[in-house]
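Requesting a structural model of the entry that follows:
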Amino acid sequence: MFTVPPPADDETIEGCPVVRVTDTVHEMRTLLWALYYGRPFVNSREPMEFTVVAALARLAHKYHITDLRNDAVARIKTLYTDKFEDFTKQQPHSHELLSYKRQDAFEAVQLAHLVNEETILPVALYLCCQARFFEDHTAIAELMAHRADIDKVDLQVRVWAEEDLSRCLVARPRLMQAKFEVVCTTFQQGLSPSCTGKRLSQCEEALHRVKDNILSYEVGNNYHPTLDVDCLASCLQDDPVGEELRSFCAECMAFFRERDLAARSSAWAQLPRCFGLNIAGWA
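Numbering: from 1, shown residues only. Below you'll find the model as predicted:
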């Protein structure tokens, strides 16, 4: 922090040199607390607000406080991870180390660019794609044409780079396709080979109902699970599927879970490419 050069006019207060900064009082207070308490402040296993950790990462990067910057970024990457296993263990809304609100993902994208941590981008952009803003085609067109009523556009979207906005617009159809493939892959092979005997006919009837429900769910609904961009979420939790799960035997349920996980793992492998990114070591 003390490497910031003093102003040319040598402003002083009671003889002490003054260096003016543009950071907010809240951000500076958070940074000073972190510096006072040291690394345990960020490395604690207690959950922290994303806005606090993001502010620490941003200011630590700005003032070249390397250890603090690395610790803050490491915590952010526990949610915006590049490992499928880590992502499936803890969904954003129930994360142990970091709070999550939908708008946080937009800030995470900006932060990834600032601190040059591109592995944050795929999950952050993926979560941004689920924002309601991307369902308002008129607002998107006006924003891209620079004709939007700025006061009506979400603040986080306003300050986004046009490149990231374009990435999400291009990725959304790809994510919908991936979601459709997850659903199809989970159920297209039918029932578990271990399903036999008296339960077989019951499971066959349940599977038939699931397929009918998926195909007919669009009628009377604005939402359809196969037209969802949330391709990394289990399709077994979707409304037209979940209500029938109790009808399947344990062997079939285990079979569907295995297929669902494999399909989502495949979607995860393609995630960076959906956004035009090439992330080394993505797994």
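
Would you state the strands of the protein in chain order?
Under the criterion DSSP state E, the chain carries strands at the ranges 12-13, 16-17.

Please list all residues in contact with the residue nearest the centre of the chain.
For the chain, residue 127 is the residue whose C-alpha lies nearest the centre (Cα atoms, centre = their mean; 3.4 Å). Going by Cβ atoms under 8 Å, 6 or more residues apart in numbering, residue 127 touches 92, 102, 105, 108. Using the backbone N, CA and C atoms, a C-beta is placed for each residue, glycine as well.

For the first one, grab the count of nearby residues.
For residue 92, the count of nearby residues is 18 (other Cβ atoms under 10 Å).

who touches it in this structure?
With contacts defined as Cβ under 8 Å, 6+ apart, residue 92 is in contact with 79, 100, 127.

at 10 Å what do you get?
By Cβ atoms under 10 Å, 6 or more residues apart in numbering, the contact list for residue 92 reads 50, 79, 80, 98, 99, 100, 101, 102, 104, 105, 123, 127.

repeat for the last one
Neighbour list for residue 108: 50, 54, 57, 76-77, 79-80, 98, 100, 117, 120-121, 123-125, 127-128, 156 [criterion: Cβ under 10 Å, 6+ apart].

could you measure the closest residue to residue 206 other than its chain neighbours against residue 30, distance?
In space, and not counting its chain neighbours, residue 206 is closest to residue 247: 3.6 Å by Cβ to Cβ, 6 or more residues apart in numbering. Distance, residue 247 to residue 30, by Cβ to Cβ, to the nearest Å: 52 Å.

Now tabulate the strands of the chain in TSV and tack on mean neighbour count, distance to residue 163 and mean pLDDT.
Formatted as TSV, the strands of the chain follow (neighbours: other Cβ atoms under 10 Å; distance: least, Cβ to Cβ, whole Å; pLDDT from 0 to 100):
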stretch	mean neighbour count	distance to residue 163	mean pLDDT
strand 12-13	8	43	78
strand 16-17	8	40	78
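
Looking at the contacts of residue 127, spot the one nearest residue 37.
Nearest to residue 37 among the contacts of residue 127 is residue 108, at 24.3 Å by Cβ to Cβ.

what's the burial count for the closest residue to that closest one other than its chain neighbours?
If the residues on either side of it in the chain are set aside, residue 108 comes closest to residue 124, at 4.0 Å by Cβ to Cβ, 6+ apart. As a burial measure, residue 124 scores 24 neighbours (other Cβ under 10 Å).

With that, I have no additional questions.
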